[in-house]
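# take this sequence and fold it.
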Amino acid sequence: MTTHTSTQQYHKVSIALHWLMLVLMIAVYACIELRELYPKGSDIRENFKTWHFMMGLLILGLASFRLIVRISQATPPILPTPPKWQTGLAHLVHTFLYILMIAVPIGGWLMLSAAGKPIPFFGLSLPALIEENKDLAKTIKKIHTTVGEIGYYVIALHAVAALFHHYIIKDNTLQRMLPTKKS
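Now for the predicted structure:
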């Protein structure tokens, strides 16, 4: 599948998915943080949790598609070429971001399954992935929460690195992922 619009920029599908994923991740994090403002058991707190679950699963689906798109197309080069250590660090950060977008929602699904709770997805109830096991649910929740919290820092690092490359190094790292206007 050839999906390039330019050798200097990612394809418009990749760009759209990148920014949509950012909006969804902000929403997922916002829901889980905002729920803390309301008493346990309240309807609004439960609604925030439900939206957190549903958008997390949406991220899982879109990230899976995004990974397929990413693998199927060449990456536009960063110009001028950065040092190898920066490229290596960028690959490490991107790998963690994909883990965040794929493994963390699967962990959430596993956690709800093990807790014996329904898995809501925009009017559907998805099947449990594993048998009910409350102790396992607690363990998965700790891992899910920890990786999610690390995600705050990795997402911030990703954003700061893009801005650093754009404003300090003045290469095309950020430009490759920005939407462009048609001439």
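# ok, now how distant is Val160 from Ile169?
Taking C-beta to C-beta, to the nearest Å as the measure, Val160 falls 12 Å from Ile169. For every residue, glycine as well, the C-beta is placed using N, CA and C.
# same deal with Gln9?
Distance, Gln9 to Ile169, by C-beta to C-beta: 18 Å.
# okay, the two: which has more neighbours?
Set Gln9 next to Ile169 and count neighbours by other C-beta atoms under 10 Å: Gln9 wins out with 18 against 14.
# now do that one, the pLDDT please.
The model reports Gln9 with a pLDDT of 93.
# could you give the number of residues near Cys31?
Residues near Cys31, counting by other C-beta under 10 Å: 19.
# let me know the pLDDT of the residue nearest to it when sequence neighbours are not counted.
Spatially, and ignoring its direct neighbours in sequence, Cys31 is nearest to His52 (4.0 Å; C-beta to C-beta, 6 or more residues apart in numbering). At His52, the pLDDT value in this model is 98.
# show me the contacts for His52.
Taking C-beta atoms under 8 Å, 6 or more residues apart in numbering, we find His52 in contact with 28, 31-32, 35.
# and with 7 Å instead?
His52 sits next to 28, 31-32 when contact means C-beta atoms under 7 Å, 6 or more residues apart in numbering.
# for it, pull up the helix or strand it's in.
helix 43-72 (DSSP states H and E).
# helix, strand or coil for Glu132?
Of the three states, Glu132 takes coil under DSSP: H, G, I helix; E, B strand; the rest coil.
# ok, it to Met111 distance?
For Glu132, the distance to Met111 - C-beta to C-beta - is 12 Å.
# these two: which is more packed in?
Just comparing Glu132 and Met111: by other C-beta under 10 Å the higher neighbour count belongs to Met111, 24 against 12.
# just the angle for the helix or strand hosting that one relative to helix 43-72, thanks.
Here Met111, judged by DSSP H and E, is contained in helix 84-115. Helix 84-115 and helix 43-72 are oriented at 130 degrees to each other (axes from the mean of the first three to the mean of the last three C-alpha atoms, to 10 degrees).
# name the residues of helix 84-115 that are buried.
Under the neighbour-count criterion of 16 or more other C-beta atoms under 10 Å, helix 84-115 has 86, 90, 96-97, 100-105, 107-115 buried.
# and if you look at stretch 16-29?
17, 21, 24-25, 27-29.
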